[in-house]
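Visitor: this one's sequence-less:
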């Protein structure tokens, strides 16, 4: 009995220790601070599409390699709580395009690590040399070489495999970052915000469409692409 | 001589100033039509080639010898007359001095292994840096840090200002740039 109780406690402790806390990010003060917003029954929702520069500034993980990052914020009305599930948010590249499901942090981290491992690092080392020599006699040939200035220029090139952020440790860090900054799942009565990652490369589409279903209410947001 | 110097400067400028070629732009055009139904499992980011300026070295040499080196004789040949002088200087972003200037790559290979960099823009040099709650030193000495991959809670304390706090994620071979913004402490009304 005691042994099984201890095993249960140990399992629970291990589970809690291993679970990554999904915090999200600080919500912007108002829904109108976002690119687009909508008011639905008990809550308001706002969303913004991050530009490449924003992604580079906000994330250590290189999400510009095939992902669109959307910041989503939910603002429940006073005293009301709303159930939020990032799995119910879909992206469309056009109004009638096929819906794209949000990618999980683990999947993205694995994909980025694999891509980074295939990168090549090329380092270039230019060099310059200046010399001066006086007249020299070469006893081997019996000739005298005149002195004077000599110059040389060279370039060394080093090529290495395996780019940055390609180790298993990096994958864990990327997964942690994406999870911590991701839109949390659960029931909220205060404003909550976070990023949702969609596997779609940058395209020439001028705007994106976000279909959100929260508490059975479906809403559509249009986000200008930056 | 002038041509050599000019070509060296041009080479240096080209490699140090030119932005790295981004390969994403090409991919966007051809994959736009088929991307709509891609699912997370099918995403395969392309590999990149990163070109970087590793450093440069400049050397000078003077020799005054009737039976001169260098004419193909091994070091210590009877005709060798050791009246010569050579000097060389080098610079590399990955080279901090333990290795001779002619081998900057040696340090680069060592230093880039299993660590990332954190560069902190210094506002005041007497600022104190704390990593995960532990005192790490004064910012004057820690403008660039090398840290193992991981997530860290950074705190920068400046006298009379609110502490700046940031959670950072360090990845191997990458640099995190931090430009802290400080707010003055709220005035305490007695």
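Guide: Structure's in. What do you need? Source: prediction; values computed, not measured.
Visitor: Name all residues that make contact with residue B:139.
Guide: By Cβ atoms under 8 Å, 6 or more residues apart in numbering or on different chains, residue B:139 lies in contact with B:120, B:122, B:124-129, B:156. For the C-beta atoms, the positions are set from N, CA and C on the backbone; glycine is no exception.
Visitor: how many neighbours does residue 185 have?
Guide: Reading this off chain A. 15 (other Cβ atoms under 10 Å in any protein chain shown).
Visitor: To clarify, I was referring to chain B.
Guide: 12.
Visitor: again, but for residue A:200
Guide: 23.
Visitor: right, and it touches residue A:69 too?
Guide: No: using Cβ atoms under 8 Å, residue A:200 makes no contact with residue A:69, being 10.4 Å away.
Visitor: wait, does the strand or helix carrying residue A:107 contact chain B?
Guide: Element membership for residue A:107, per DSSP states H and E: helix A:105-117. Yes: counting by Cβ under 8 Å from any Cβ of the partner chain, chain B is contacted by helix A:105-117 at A:107-108, A:111-112, A:114-115.
Visitor: One more: stretch A:139-156?
Guide: Yes: residues of stretch A:139-156 contacting chain B under Cβ under 8 Å from any Cβ: A:139-140, A:145, A:149-153, A:155-156.
Visitor: any idea which of the residues you listed is closest to residue A:85?
Guide: Nearest to residue A:85, judged by Cβ to Cβ, of those is residue A:156 at 54.7 Å.
Visitor: right, and the closest one touches residue A:125 too?
Guide: Yes: using Cβ under 8 Å, residue A:156 makes contact with residue A:125 at a distance of 4.0 Å.
Visitor: And these two? Which one has more around it.
Guide: residue A:125 (22 against 17).
Visitor: ok, now how distant is the more buried one from chain B?
Guide: 5 Å (Cβ to the nearest Cβ, to the nearest Å).
Visitor: Backbone dihedrals for that residue, both of them.
Guide: phi -130, psi 90 (degrees, to the nearest 10).
Visitor: Going by neighbour count, which of the residues of stretch A:139-156 next to chain B comes out on top?
Guide: With neighbours defined as other Cβ under 10 Å, the most crowded of the residues of stretch A:139-156 next to chain B is residue A:156; it has 17 neighbours.
Visitor: Pretty sure that residue sits in a helix.
Guide: No: assignment of residue A:156 by DSSP: H, G, I helix; E, B strand; the rest coil gives strand, placing it outside any helix.
Visitor: I'd say residue B:162 and residue B:156 touch.
Guide: No: between residue B:162 and residue B:156 there is no contact under Cβ under 8 Å: 10.4 Å.
Visitor: Overlap in contacts, these two.
Guide: In contact with both residue B:162 and residue B:156: residue B:182, using Cβ under 8 Å, 6+ apart.
Visitor: can you give me how far stretch A:211-221 is from the chain middle?
Guide: Centroid separation for stretch A:211-221 versus its chain: 25 Å, with Cα atoms, centre = their mean, to the nearest Å.
Visitor: Can you list the neighbours in contact with it?
Guide: With Cβ under 8 Å, 6+ apart, stretch A:211-221 has contacts from A:36-38, A:40-43, A:45, A:47, A:72, A:74, A:82-85, A:88-92, A:99, A:209-210.
Visitor: Which members of those residues are classed as buried?
Guide: Among the contacts of stretch A:211-221, those that count as buried by neighbour count (16 or more other Cβ atoms under 10 Å in any protein chain shown) are A:36-38, A:40, A:43, A:45, A:47, A:72, A:74, A:82, A:84, A:88-92, A:209-210.
Visitor: Low-confidence stretches in chain A?
Guide: A:1-22, A:161-163, A:201-204 (pLDDT under 70).
Visitor: And residue A:226, which helix or strand is it part of?
Guide: Going by DSSP H and E, residue A:226 is not part of any helix or strand.
Visitor: any idea which helix or strand of chain B has the worst average confidence?
Guide: helix B:24-31 (a mean of 34; mean pLDDT, DSSP states H and E).
Visitor: rewinding a little: would you reformat the residues of helix A:105-117 next to chain B as TSV and include distance to residue A:133 and neighbour count?
Guide: As requested, those are exported to TSV (distance: Cβ to Cβ, whole Å; neighbours: other Cβ atoms under 10 Å in any protein chain shown):
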residue	distance to residue A:133	neighbour count
A:107	64	18
A:108	60	27
A:111	58	23
A:112	55	26
A:114	54	14
A:115	52	21
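Visitor: burial count for residue A:166?
Guide: Neighbours of residue A:166 (other Cβ under 10 Å): 21.
Visitor: Tell me the helices and strands packed up against the helix holding residue A:107.
Guide: Using 3 or more Cβ pairs under 8 Å, 6 or more residues apart in numbering or on different chains; DSSP states H and E, the elements in contact with helix A:105-117 are helix A:168-181.
Visitor: same for the helix it packs on, what does it pack against?
Guide: helix A:105-117, strand A:192-198, strand B:150-157, strand B:164-170.
Visitor: Next, the angle from the helix holding residue A:107 to helix A:168-181.
Guide: With axes from the mean of the first three to the mean of the last three Cα atoms, to 10 degrees defining the directions, helix A:105-117 sits at 140 degrees from helix A:168-181.
Visitor: Provide the partner residues of residue A:209 in its beta bridges.
Guide: Counting by DSSP bridges, residue A:209 is bridged to residue A:92, residue A:222.
Visitor: ugh, wrong one, I meant residue A:128
Guide: Under the criterion used (DSSP bridges), residue A:128 bridges to residue A:153, residue B:58.
Visitor: Distance check, it against residue A:148.
Guide: Distance, residue A:128 to residue A:148, using Cβ to Cβ, to the nearest Å: 18 Å.
Visitor: Compare the two (neighbour count), which wins?
Guide: residue A:128 (20 against 10).
Visitor: thought that one was touching residue B:60?
Guide: No: in this structure, residue A:128 is not within contact of residue B:60 by Cβ under 8 Å, at 9.6 Å.
Visitor: Just give the number of residues close to residue A:220.
Guide: Look at residue A:220: counted by other Cβ under 10 Å, it has 13 neighbours.
Visitor: how much space between it and residue A:179?
Guide: In terms of Cβ to Cβ, residue A:220 sits 27 Å off from residue A:179.
Visitor: give me the number of residues near the nearest residue to residue A:110 once chain neighbours are set aside?
Guide: Distances taken as Cβ to Cβ, 6 or more residues apart in numbering or on different chains put residue A:171 closest to residue A:110, at 6.3 Å, once the chain neighbours are dropped. When neighbours are counted by other Cβ under 10 Å, residue A:171 registers 24.
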